[in-house]
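Visitor: build me a model from this:
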Amino acid sequence: MIIDCHVHFGGVDLHDKMLADQERTGVDRFNIVVTPVLGEASDPGKFADALWFKRRHPDSVYVFGGLDYTGLFDAGRDDPDVPLLEQLERIMALGCDGLKMLCGKPDSRKVIGRPLDGVLFEPLLARLEETRFPLLWHIGDPPEFWNPEAVPLWAKQQNWWYDASFPTKQQIDHEAHAAFEKHPGLNLILAHFFFLSQDLAAAGALLDAYPNLHFDLAPGVEMYHNFTRRPDEARAFFVRYADRILYGTDIGAGRHCTGPRRGWMVRHWLETAEEFEVPDDPLMTPDDRPPLQGIGLDADALEKIYAGNFHRILGRTEPAPLDSRAVDELIAKAGL
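Guide: All right, here's what the predicted structure looks like:
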């Protein structure tokens with residue numbers, strides 16, 4: 001079995017495209033992660049869309065719910081009303097399988113304006129730790145995104161990098177480590193390998209320090225270029241930590257602008273020792289770096305990365321049952 005632990009769903013009109021891309025990649029089940037509501041520029045319907053999808057495919061689709069930060073931006077409020085703990089309880093009661101947080105991504109961290117280890121998130125993280133409800137948390141971005149001279153070609157063409165108005169990577173990492181230290185029992189998946197692919201020693205030290213912490217493999221394609229530069233070291237890392245790594249693709253990001261072959265890319269890298277080019281994808285190409293080099297893992301390691309670790313984190317093999325009445329009401333309210 002193969003479970004893609006990290007996909008996005010941009011709306012009900014993309015249902016068939018999502019199924020086709022996952023089938024093409026050979027995926028049996030997938031987990032829709034819901035991005036947060038961050039004011040008027042966000043799409044508040046993504047949570048309902050994700051639950052609509054799971055309602056149609058209750059045996060093969062998981063959902064990690066997202067948070068609504070709208071109260072932070074209410075004009076004139078000295079005590080913004082952002083009931084994150086209440087939102088978590090609702091997410092759990094509806095039948096979601098986990099929580100997705102994006103507050104550590106530099107642009108979201110800038111908009112929210114609150115430290116990851118601060119008072120806004122403390123009750124939420126404490127409850128997540130207490131219940132062991134799974135958390136998939138995007139924290140940071142590739143280190144080169146703070147340097148316009150080093151940012152990869154595909155990102156440079158989209159003017160995607162961070163200037164001095166954004167929190168630094170060092171600040172975000174410091175806050176994240178403080179949160180991990182406060183809550184070592186978090187049942188935690190860090191998206192995109194926590195952007196540590198360039199420093200496998202640091203990645204291993206983090207996994208050793210926090211036994212409940214995991215990485216997913218959703219590209220950032222820089223991850224696979226970093227691994228390719230040290231294929232023997234990368235393979236040894238994946239063999240040693242095969243029970244701490246999850247397959248993910250980020251398929252569906254940007255209203256499903258991501259190419260359908262990104263799943264093939266991750267699988268080909270894991271399963272073969274071949275050299276191959278990065279497939280066309282607006283969030284990975286154009287790419288002027290050398291081809292990728294796979295690490296050819298054995299069947300036991302692949303089974304853990306593809307499904308076993310996700311099942312263990314959830315504590316079950318099937319998607320959580322939905323509260324059908326509550327979900328139907330939410331879907332109807334959203335006009336789906």
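Visitor: what separation do you get for the nearest residue to Pro106 once chain neighbours are set aside and Ser108?
Guide: Distances taken as CB to CB, 6 or more residues apart in numbering place Phe166 nearest to Pro106, at 4.7 Å, with adjacent residues excluded. For glycine as for every other residue, the C-beta is placed from the backbone atoms N, C-alpha and C. From Phe166 over to Ser108 the distance is 10 Å, taken as CB to CB, to the nearest Å.
Visitor: hmm, back to that, burial count for the residue nearest to Pro106?
Guide: By the criterion of other CB atoms under 10 Å, Phe166 has 17 neighbours.
Visitor: contacting residues around it?
Guide: Phe166 makes contact with Pro106, Asp107, Arg109, Lys110, Trp146 under the criterion CB atoms under 8 Å, 6 or more residues apart in numbering.
Visitor: so can I have CSV of these showing neighbour count, distance to His311 and pLDDT?
Guide: Below are those laid out as CSV (neighbours: other CB atoms under 10 Å; distance: CB to CB, whole Å; pLDDT from 0 to 100):
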residue, neighbour count, distance to His311, pLDDT
Pro106, 20, 32, 95
Asp107, 14, 33, 93
Arg109, 21, 31, 95
Lys110, 12, 36, 94
Trp146, 19, 36, 94
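Visitor: nearest to Leu84 among these?
Guide: Nearest to Leu84 among those is Arg109, at 15.2 Å by CB to CB.
Visitor: which elements pack onto the strand or helix carrying the closest one?
Guide: In this assignment (DSSP states H and E), Arg109 forms part of helix 106-112. Helices and strands touching helix 106-112, by 3 or more CB pairs under 8 Å, 6 or more residues apart in numbering; DSSP states H and E, are strand 98-104, helix 169-182.
Visitor: C-alpha coordinates for it, CSV please?
Guide: What follows is helix 106-112, C-alpha atoms only, in CSV (Å, rounded to 0.1, in the frame of the first residue of the first chain):
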residue,chain,number,x,y,z
PRO,A,106,7.8,32.6,6.6
ASP,A,107,5.0,34.4,4.8
SER,A,108,2.4,32.9,7.2
ARG,A,109,4.6,33.6,10.2
LYS,A,110,4.9,37.2,9.0
VAL,A,111,1.1,37.7,8.6
ILE,A,112,0.2,36.0,11.9
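Visitor: and the next element down the chain from that helix?
Guide: The first helix or strand that comes after helix 106-112 along the chain, using DSSP H and E, is helix 122-131.
Visitor: mind showing which ranges of this protein have poor pLDDT?
Guide: Residues of the chain that meet the criterion pLDDT under 70 lie in 40-44, 74-80.
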